[in-house]
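**Student:** sequence unknown, structure follows:
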């Protein structure tokens, strides 16, 4: 593997970079959604020396690696624009790293691995955990995590505040939504593609027969992730994508098993290798075609909620306001990122007039699902003269509407 990386590493890096540039240009007509805008805003805050914050507020939830990578990409490019940050996002998407939800499973998985190793009938199983390297390794992890945990403790008074927030998000998300327990198993064929899934089946037999430690850890992780997220009421395929690369291990073992069976059947190693190469290439090509056919309509037809009228509204907001102005709006991370202004959310109805005194502008949309119900009623207070005097700006396209309202107009008419 080391030799392979030495030879092919530069080529892989170039492909990743050009892939990122292609992805960025392909999606340049869209805009960052809520989570993406939060990471982007943190990246810009870090780059500007304003700390790990969004809209001037320290953020306890988002893990630091992606925002720091985004800040580094923007620093190298000299421009914290959407396409530059998308390159950083692409690297982590290709690596299929764990999200904040699956990161919570790191501790339980380590405990399960320790139990599996201790109960292993193989002597090597216990030797893996009864040696100085294993005992020293937690200290290396502490060295890496300690700066972040100290920052959390100093800023919020609780080193584990991010873990605590993340652990309750899925339970509270969309109270009215519920998916059946078999949602994730049923989604696997489409997520993996049938060829990969079918190859993984003989791979499982190889893992059992050969007592493969790597394969066992991969299977345990996949099963645990599926069971863990299946217990939640709300389910979504993206939540389990972190375990998809692990399925490649039993699939690779299954492919090796196919090669072994072909060699026994044909009794010609050279011919077997050629057939296997053709077989693997056909599987790869078939999978790519299936995935391309499935994803291209989405790439071509899906439009980010609010685009393009929202980004046009943010350009105007940036032009008619100052950096010190406070904005009230329903989609704070997007307003923060595209207008570069500090933002507060709509409060409960009884607190609106008090919070309105703090804001210079109010943003009302027809696409943000988290917007307070009373926000649309504010539009009834607008007069034609407000638009003529440029105290109100309306941006609309065939689906989305974003309205900018100078707060003093609303204060006078409340």
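**Tutor:** Cool, the structure landed. Bear in mind the structure is a predicted one, so any value in this text is a computation, not a measurement.

**Student:** host element of the spatially closest residue to residue 42 that is not a sequence neighbour?
**Tutor:** Ranked by Cβ to Cβ, 6 or more residues apart in numbering and with sequence neighbours excluded, the top spatial neighbour of residue 42 is residue 67, at 3.9 Å. (C-beta placed from N, C-alpha, C; glycine too.) Using DSSP states H and E, residue 67 falls within helix 65-77.

**Student:** what's the burial count for the residue nearest to residue 42?
**Tutor:** Counted by other Cβ atoms under 10 Å, the residues lying close to residue 67 total 25.

**Student:** Ok, residue 70 next?
**Tutor:** Neighbour tally, residue 70, other Cβ under 10 Å: 27.

**Student:** Surely residue 382 touches residue 392?
**Tutor:** Yes - counting by Cβ atoms under 8 Å, residue 382 does reach residue 392; the two are 5.3 Å apart.

**Student:** Just the mean pLDDT for stretch 225-238, thanks.
**Tutor:** Averaged across stretch 225-238, pLDDT comes to 89.

**Student:** do the same with stretch 36-52
**Tutor:** When pLDDT is averaged along stretch 36-52, the result is 89.

**Student:** Stretch 63-70 now?
**Tutor:** For stretch 63-70, the mean pLDDT works out to 86.

**Student:** same deal with stretch 101-118?
**Tutor:** Stretch 101-118 comes out at a mean pLDDT of 79.

**Student:** Contacts for it, please.
**Tutor:** Here stretch 101-118 makes contact (Cβ atoms under 8 Å, 6 or more residues apart in numbering) with 63, 98, 125-126, 128-129, 163, 166-167, 169-170, 216-217, 220-221, 224-225, 228-229, 239-240, 242-243.

**Student:** Pull up the overlap in contacts between residue 382 and residue 392.
**Tutor:** Shared contacts of residue 382 and residue 392, counting by Cβ under 8 Å, 6+ apart, come down to 403, 405, 409.

**Student:** just the helices in the stretch 51-200 of the chain please.
**Tutor:** Assigned by DSSP state H, counting those that start in this stretch, the stretch 51-200 of the chain shows helices spanning 65-77, 82-95, 100-103, 106-119, 123-127, 132-156, 161-172, 183-192, 194-210.

**Student:** From the contact counts, what lies against the second one?
**Tutor:** Pointing back at helix 82-95 there. Other helices and strands packing on helix 82-95, by 3 or more Cβ pairs under 8 Å, 6 or more residues apart in numbering; DSSP states H and E, are helix 2-26, helix 34-47, helix 65-77.

**Student:** Other residues contacting the last one?
**Tutor:** For helix 65-77, the surrounding residues in contact (Cβ under 8 Å, 6+ apart) are 39-40, 42-44, 46-47, 52, 80-81, 84-85, 87-89, 91-92, 97.

**Student:** Okay then, goodbye and thanks.
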